[in-house]
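[1] Here is my input, please return the structure:
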Amino acid sequence: MERRWRLSGLTVHYEIWKDCLQDYKAGIVSARSDYFSKMINDSQRREEKQLRIIPLGKTGCGKSETGNTILNGKFFKAKCEPISVTKISASQTATVHGRSITYINTPGVFDTSLSDEELEKEIIISFIRCSPGPHAFLIILKVETYTAHEIEIVRKIRSLFGEGVLKYAVVLFTHGDNLDEDQTIEQFVSKNSELQQLVDKCGGPCHVIDNKYWNNKKKGYRSNKVQIKNLLSTISKMVEKNEGYRECYSNEMLQALGKYNEVRIQQLREELKGRSTEKIRAEAEEKTYRWAKSSQSHRGATEWLRAFLGSVYPCFGKHCSSVDQDYTPMLLKNE
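    Coordinates of the predicted model:
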């Protein structure tokens, strides 16, 4: 009788222990589920705070200085010279107003010191660096007379990137101190119908900064701090209008470039142990560019660039539908 009671007691204790173990395991599963859910949510929130920007404009319009002003630091070399200071694409990331901003600096659209092939290479590399694509383009113009040359600059941008580029673009004027006293940039734009038409077609209102005279002013219209905050607000609204931060100016070609570059970086990290991250990234970008170029060898120089940028077969984000089926498989297959 006493033995049965002891066995019964052991059974009771075993059942209690088993229930506790199940509760413990359930708690671990629940905790893991909560942990991974939190990781996903945190990742999504970080993604929503990230902003990738590519400036476009002629040589000397102030793209490098504008990058320094937006990121609030001395990241890009900027000099007052008749030739382009920026010969190769460069990117920098900084936190501005609680948001991670990546600014991918590019050579001038009409940089005569670069050959067409060199310019095309830097444009492609700039897109590799902001894979899967930029959230916004800044069409940078000076506060000055809007001449036939500026009109041709904008025409070339639209020709290379397609009409869809304006949906992702904001016009930003530099040299704001050239405005008349009490004149706003909107009033300046309204005096030229073609300039007004360009601004109206873009994804948001235009803005103005002065990289020389407005840096130390904290308040008022002629303050870079105020203007940059307004610019980023405009870009954020434009991004939301374009279906959110996970949607950007992209297509299957550009996404394939990004994936190929990621694979190359992983391979080179194994092959080139001890090399700096910057050198590995630069070599991966070079190999990715060569791979992209070889996959488009049947096209002319400008035509293949347009194919990648979407002006021949435009497709943005998840709305891709009309990609050239003849060369897409070639691009996506292994070397």
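[2] all contacts plus neighbour counts: C-alpha atoms, from now on.
    Will do.
[3] so where's the chain shaky on pLDDT?
    1-49, 78-89, 108-114, 244-247, 296-335 (pLDDT under 70).
[4] Show me how the record splits it into domains.
    Listed domain ranges for the chain are 48-241, 252-332 (source: automatic domain parsing).
[5] can I get those domains in JSON lines with mean neighbour count?
    Formatted as JSON lines, those follow (neighbours: other Cα atoms under 10 Å):
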{"stretch": "domain 48-241", "mean neighbour count": "18"}
{"stretch": "domain 252-332", "mean neighbour count": "17"}
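[6] Val96 and Thr69 touch, don't they?
    No - using Cα atoms under 8 Å, Val96 is not in contact with Thr69; the gap is 10.6 Å.
[7] what about the strands in the protein?
    50-56, 90-96, 99-105, 136-142, 169-174, 207-208 (DSSP state E).
[8] Identify the residues contacting stretch 183-196?
    Tyr146, Leu179, Cys206, His207, Val208 (Cα atoms under 8 Å, 6 or more residues apart in numbering).
[9] How much space separates Ser115 from Gly73?
    Distance, Ser115 to Gly73, using Cα to Cα, to the nearest Å: 31 Å.
[10] should've said Lys225
    Taken as Cα to Cα, the span from Lys225 to Gly73 is 13 Å.
[11] next one: Ile157
    28 Å.
[12] do the same with Val96
    Going from Val96 to Gly73 by Cα to Cα gives 11 Å.
[13] What residues does Asn224 make contact with?
    By Cα under 8 Å, 6+ apart, Asn224 lies in contact with Thr69, Ile209, Asp210, Asn211, Trp214, Asn215, Asn216, Lys217, Lys218.
[14] Pick the one among those residues closest to Leu254.
    Thr69 (28.2 Å; Cα to Cα).
[15] wait, isn't the closest one in contact with Val208?
    No - checked against Cα under 8 Å, the pair Thr69 and Val208 is beyond contact range at 11.8 Å.
[16] Identify the residue spatially nearest to Thr93, adjacent ones excluded.
    Thr102 (4.2 Å; Cα to Cα, 6 or more residues apart in numbering).
[17] Which residues does the one you found form beta bridges with?
    Beta-bridge partners of Thr102, counted by DSSP bridges, are Arg52, Thr93.
[18] Distance check, the nearest residue to Cys206 once chain neighbours are set aside against Val263.
    In space, and not counting its chain neighbours, Cys206 is closest to Val171: 4.9 Å by Cα to Cα, 6+ apart. Going from Val171 to Val263 by Cα to Cα gives 35 Å.
[19] go on, Lys293?
    Lys293 is 17 Å from Val263, by Cα to Cα.
[20] now do Val226
    Distance, Val226 to Val263, by Cα to Cα: 41 Å.
[21] ditto for Thr288
    10 Å.
[22] Check Val96 too.
    For Val96 relative to Val263 (Cα to Cα), the value is 30 Å.
[23] from what I can see Ala284 touches Gln267, true?
    No - in this structure, Ala284 is not within contact of Gln267 by Cα under 8 Å, at 9.0 Å.
[24] Tell me where the stretch 101-250 of the chain has helices.
    Remark: helices assigned in the stretch 101-250 of the chain by DSSP state H, counting those that start in this stretch are 116-129, 148-161, 185-190, 193-201, 224-241.
[25] Kindly calculate the angle that the first one makes with strand 50-56.
    On the basis of axes from the mean of the first three to the mean of the last three Cα atoms, to 10 degrees, helix 116-129 is oriented at 170 degrees to strand 50-56.
[26] What of the fourth one?
    For helix 193-201 against strand 50-56, the angle between stretch directions is 160 degrees (the same axes, to 10 degrees).
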